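Q: coordinates only, no sequence provided:
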């Protein structure tokens, strides 16, 4: 049986709707949580926010970071005129 959400759980979900946890981001990127931690220490990867022990990433910032990682297309051999 599914239990109804309490008012506190609903408010918490609304507050964090634009954010993703480190664990969820690691799963989405197919990397480990430790890898994201190393990236943070090296100032690489998407920006994050620490709230106590929780590390959160703004979804839009992750999307922007991913777009910035996009590699330009390789030029084809003989494609010059």
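A: Looks like it came in fine. Treat the numbers as computed from the prediction; the structure is a model and nothing was measured. Numbers count the residues shown, from 1 in each chain.
Q: sketch out the low-pLDDT regions of the protein for me.
A: By pLDDT under 70, the low-scoring segments of the chain are 1-3, 5, 78-81.
Q: ranges for the strands of it?
A: Residue ranges of the strands in the chain, as given by DSSP state E, are 19-21, 49-51, 54-58.
Q: reformat those strands as a markdown table; add distance to residue 73.
A: Using the backbone N, CA and C atoms, a C-beta is placed for each residue, glycine as well. Listed next are the strands of the chain as a markdown table, based on distance: least, Cβ to Cβ, whole Å:
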| stretch | distance to residue 73 |
| --- | --- |
| strand 19-21 | 29 |
| strand 49-51 | 34 |
| strand 54-58 | 28 |
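Q: same list (those strands) but as CSV, adding distance to residue 32 and mean neighbour count.
A: Below are those laid out as CSV (distance: least, Cβ to Cβ, whole Å; neighbours: other Cβ atoms under 10 Å):
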stretch, distance to residue 32, mean neighbour count
strand 19-21, 14, 18
strand 49-51, 19, 10
strand 54-58, 14, 17
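Q: ok, which of those strands comes nearest residue 13?
A: Shortest distance between residue 13 and the strands of the chain, using Cβ to Cβ, is found for strand 19-21: 10.7 Å.
Q: about what we covered before: and the strands of the chain: which comes nearest residue 37?
A: Distance to residue 37, taken as Cβ to Cβ, is lowest for strand 54-58 among the strands of the chain, at 8.1 Å.
Q: what strands flank the closest one, and is each parallel or antiparallel?
A: According to DSSP bridges, the neighbouring strands of strand 54-58, each with its direction, are strand 19-21 (antiparallel), strand 49-51 (antiparallel).
Q: and of these, who's closest to residue 33?
A: The nearest among these, by Cβ to Cβ, is strand 19-21 at 9.4 Å.
Q: okay, the strands paired with strand 54-58 in CSV with distance to residue 41 next?
A: Written out in CSV, the entries for those read as follows (distance: least, Cβ to Cβ, whole Å):
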stretch, distance to residue 41
strand 19-21, 18
strand 49-51, 13
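Q: which of the ones you listed sits closest to residue 66?
A: Of all these, strand 19-21 sits nearest to residue 66, with 12.4 Å by Cβ to Cβ.
Q: before I go, just wanted to say thanks for your time.
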